[in-house]
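[1] missing the sequence, but the structure's below:
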């Protein structure tokens, strides 16, 4: 026996639709009474119109029903609902009382009909009694008996429903005898029709419980309707027999019987379809259940073997399931905790009941899922830190049925986090101290230091960098946060920008000299890359560079003089090795420069002059200058006589060898 949830939802919607129909027709009839007799006649299809008081009563009944089933209730609507219900009860009671006591109520009869037809005597006790039942039923719409299996409203609307069916059939059969058995005044078709659909709407406000629940269940509901089917068919036949005794021929009888038979067969077909569909679904569920049993066993084994605590509590927070992980974490066995209150057992020492219930409310507001951190107590009294995830369990009516809880012991993790936080704090202090120290170093060094991130924005520059920028580019502000290419667009697509990009992309340290023609300044820059950007140490070497250029120019000038001299020039180092000769000397000795450079000077002289040259070289080492002439043997076998002026040679104040000029005096000697 499973509830047909889809049918129950449809019946709830149908009840509201029926009430809206009653309310709409009643309002149209009331408007016809007040403003347009033509509209009233049109709505009544030429028959007897509904009296004004009945119209108002049906409007009040419909409004009370809609207020009772509304999801957005407040204090005003609750008071208005009670006023409507007590008004309906009072209206029916006064009319019935006036009938039995034969007391005339002029103001009430005047409301019913402005004519004098009903002024003398008002006799509609059965219909008037319906409003009393409606008021009581709507007032007790949500009232359940102690066993919560019966709704009082479903029983209160049975008399109005039976009367409505009786009068509706009598009206359709045009049986005045049947109608006069209930009322003494002309009856409107709407009165009987409304007394059918209003009870149906009230009956199915709670289609899942009480009498309605028995009808809407897939199996017992079908059986209930099958049991009612003979009555559905036999009732119009019996009514037809009564009708034939007074009106032997009537097309209405045949039509009504046919309608009820068709209705009964339709109900039978619908219930057979429900039973067949239910059987098919059961077979499908059974086959799927066999396939999933293996998965369920795996899942059960996994739940038992997991190190996390997994347990289930009912809606009163009493433990009903407890896995091995929970036993290991909390120390309680399954038998020890079953039936115990979870709050009292685990949470109470570290959380008040108000805090616990506040957490439950947050859980419901978060669609039934919540993860929280809390302290709990083990069996031994030890406090542990728990990361708890909770999921709400609901029954088929979306009512809270319990909670699944997964608890992870994070005590050791929390202790490690505390230690890590302490270490991080100490590390931050050290980093800050080193940062201050490093910044102090950066501020003291003579180099300009800038730091750029991956987006080429300044993240740091020392005071020297600020002074250099201020002096050259006239920028009298901090560059932190600025983009280097936007601040100095003239270095885009230069060798400097290429070096910056290469250092960052290849993570390679680069050192280069760069000339800023915009400022007429030479710089030496060392680029240190990191994954987050680059650091640049910049030194102004303009003066040094200018000195080098001057020295280079001087050397070039002196070299020109030496090379154009009409005397041979030769330089040897402290070891007597020739380090320089001019072109004139190479021509004089008939040797190439490559042969002479690196040759020991002593090798140019004959053995006879070896002692003299050794003595002269020793005098140069002692700082003396000399002039002398000697004969030099050439490699082609010839000899030349040369006049030599030799003097010590110094570099940066240190003796570096000797410099000698050589003049060919062979012809003079001859």
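    Yep, that arrived. Only a predicted model underlies this, so the values are computations on that prediction, with no experimental measurement involved.
[2] from the chain's centre, how far out does stretch 589-609 sit?
    The gap between where stretch 589-609 is centred and where its chain is centred comes out at 89 Å by CA atoms, centre = their mean, to the nearest Å.
[3] switch to numbering from 686
    Fine by me, first position is 686 from now on; the one you just mentioned is stretch 1274-1294.
[4] how far does that stretch stretch from start to finish?
    Using CA to CA, to the nearest Å, the end-to-end distance of stretch 1274-1294 comes to 17 Å.
[5] ok, now stretch 1271-1281?
    Using CA to CA, the end-to-end distance of stretch 1271-1281 comes to 8 Å.
[6] And residue 1237, how far from residue 1051?
    To residue 1051, residue 1237 is 80 Å away according to CB to CB, to the nearest Å. Every residue, glycine included, has its C-beta placed from N, CA and C.
[7] same check, this time on residue 1062
    As judged by CB to CB, residue 1062 and residue 1051 stand 26 Å apart.
[8] Those two: which has the busier surroundings?
    Counted by other CB atoms under 10 Å, residue 1062 and residue 1051 do not tie: residue 1062 has more neighbours, with 17 against 12.
[9] which residues of the stretch 1236-1355 of the chain fall in strands?
    When assigned using DSSP state E, counting those that start in this stretch, the strands of the stretch 1236-1355 of the chain occupy the ranges 1253-1257, 1263-1266, 1311-1318, 1324-1336, 1339-1349.
[10] and of the ones you listed, who's closest to residue 1294?
    Distance to residue 1294, taken as CB to CB, is lowest for strand 1311-1318 among those, at 5.2 Å.
[11] so can I have JSON lines of the strands of the stretch 1236-1355 of the chain showing distance to residue 1047, mean neighbour count and mean pLDDT?
    Conversion of the strands of the stretch 1236-1355 of the chain to JSON lines gives the following (distance: least, CB to CB, whole Å; neighbours: other CB atoms under 10 Å; pLDDT from 0 to 100):
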{"stretch": "strand 1253-1257", "distance to residue 1047": "94", "mean neighbour count": "21", "mean pLDDT": "88"}
{"stretch": "strand 1263-1266", "distance to residue 1047": "91", "mean neighbour count": "20", "mean pLDDT": "88"}
{"stretch": "strand 1311-1318", "distance to residue 1047": "107", "mean neighbour count": "15", "mean pLDDT": "88"}
{"stretch": "strand 1324-1336", "distance to residue 1047": "87", "mean neighbour count": "16", "mean pLDDT": "88"}
{"stretch": "strand 1339-1349", "distance to residue 1047": "87", "mean neighbour count": "19", "mean pLDDT": "88"}
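[12] my read is residue 1098 is in a helix, agree?
    Yes - counting by DSSP: H, G, I helix; E, B strand; the rest coil, one finds residue 1098 located in a helix.
[13] give the contact list for it.
    For residue 1098, the set of contacting residues under the criterion of CB atoms under 8 Å, 6 or more residues apart in numbering is empty.
[14] likewise the one 5 residues further on?
    Listed by CB under 8 Å, 6+ apart, the contact set of residue 1103 is empty.
[15] what's the distance between it and residue 1034?
    Separation of residue 1103 from residue 1034 (CB to CB): 21 Å.
[16] can you check residue 779 too?
    Distance from residue 779 to residue 1034, counting by CB to CB: 64 Å.
[17] which residues of the stretch 1186-1335 of the chain fall in helices?
    Remark: helices of the stretch 1186-1335 of the chain, listed N- to C-terminal, are 1227-1249, 1268-1274, 1278-1281, 1295-1306; assignment by DSSP state H, counting those that start in this stretch.
[18] Among these, which comes closest to residue 1019?
    Comparing those against residue 1019 with CB to CB, the closest turns out to be helix 1227-1249 (86.0 Å).
[19] name the helices or strands packed onto the closest one?
    In this structure, helix 1227-1249 makes packing contacts with strand 1206-1215, judged by 3 or more CB pairs under 8 Å, 6 or more residues apart in numbering; DSSP states H and E.
[20] any idea of the mean pLDDT in the strand it packs on?
    Per-residue pLDDT values over strand 1206-1215 give a mean of 90.
[21] Which is the succeeding secondary structure element to the strand or helix carrying residue 1106?
    In this structure, residue 1106 sits in helix 1096-1129 according to DSSP states H and E. Sequence-wise, the next helix or strand downstream of helix 1096-1129 (DSSP H and E) is strand 1133-1138.
[22] which of the residues in that next one are buried?
    By neighbour count with 16 or more other CB atoms under 10 Å, strand 1133-1138 contains the buried residues 1133-1137.
[23] same deal with stretch 1065-1081?
    In terms of neighbour count (16+ other CB under 10 Å), stretch 1065-1081 has its buried residues at 1069-1073, 1075, 1077.
[24] for it, the distance to its chain's centre please.
    Per CA atoms, centre = their mean, the centroid offset for stretch 1065-1081 relative to its chain is 24 Å.
[25] end to end, how far does stretch 1003-1013 reach?
    One end of stretch 1003-1013 to the other measures 20 Å (CA to CA).
[26] Let me fix that, I meant to ask about stretch 992-1011.
    8 Å.
[27] And residue 1171, how far from residue 1140?
    Between residue 1171 and residue 1140 the distance is 11 Å, computed by CB to CB.
[28] One more: residue 826?
    The span separating residue 826 from residue 1140 equals 68 Å under the rule CB to CB.
[29] Could you do residue 721 as well?
    When CB to CB is applied, the distance between residue 721 and residue 1140 equals 79 Å.
[30] for residue 1090, same thing?
    When CB to CB is the yardstick, residue 1090 and residue 1140 sit 48 Å from each other.
[31] Then residue 1278?
    Relative to residue 1140, residue 1278 is positioned 56 Å away (criterion: CB to CB).
[32] same deal with residue 779?
    In this view, residue 779 and residue 1140 are 87 Å apart by CB to CB.
[33] Of those two, which one has the most company?
    Neighbour count, other CB under 10 Å: between residue 779 and residue 1140, residue 779 has more, with 16 against 9.
[34] per-residue confidence averaged over whichever strand or helix holds that one?
    With the criterion set as DSSP H and E, the secondary-structure element containing residue 779 is helix 760-786. Computed over helix 760-786, the mean pLDDT rounds to 80.
[35] Stretch 1282-1300 now?
    Rounded to a whole number, the mean pLDDT of stretch 1282-1300 is 86.
[36] Excluding its own residues, what touches that stretch? List them.
    The contact list for stretch 1282-1300 (CB under 8 Å, 6+ apart) reads 1255, 1257, 1261-1266, 1274, 1302, 1313, 1315-1318.
[37] measure that stretch end to end?
    Across stretch 1282-1300, the straight-line distance between its terminal residues is 22 Å, by CA to CA.
[38] Pull out the buried residues from that stretch.
    Judged by neighbour count using 16+ other CB under 10 Å, the buried positions of stretch 1282-1300 are 1284, 1286, 1289-1290, 1294, 1298.
[39] Between which two of those residues is the distance greatest?
    1284 and 1294 (16.0 Å).
[40] Could you measure from residue 1351 over to residue 1273?
    Taken as CB to CB, the span from residue 1351 to residue 1273 is 10 Å.
[41] Ignore what I typed, I meant residue 1231.
    Taking CB to CB as the measure, residue 1231 and residue 1273 are separated by 38 Å.
[42] so who does the closest residue to residue 1259 other than its chain neighbours touch?
    Using CB to CB, 6 or more residues apart in numbering and skipping residues adjacent in sequence, the residue nearest residue 1259 is residue 1342, 5.4 Å away. By CB under 8 Å, 6+ apart, the contact set of residue 1342 is 1256-1259, 1264, 1305, 1333-1334.
[43] Just give me the closest of those residues to residue 888.
    Set against residue 888, the nearest of those by CB to CB is residue 1264 (123.8 Å).
[44] pretty sure that closest one is in contact with residue 1278, am I right?
    No - between residue 1264 and residue 1278 there is no contact under CB atoms under 8 Å: 11.5 Å.
[45] Which neighbours do those two have in common?
    With contacts taken as CB under 8 Å, 6+ apart, residue 1264 and residue 1278 have no neighbour in common.
[46] From residue 737, how far out is the closest residue to residue 1332 other than its chain neighbours?
    By the measure of CB to CB, 6+ apart, the closest residue to residue 1332 outside its immediate chain neighbours is residue 1310, 4.0 Å from it. When CB to CB is the yardstick, residue 1310 and residue 737 sit 149 Å from each other.
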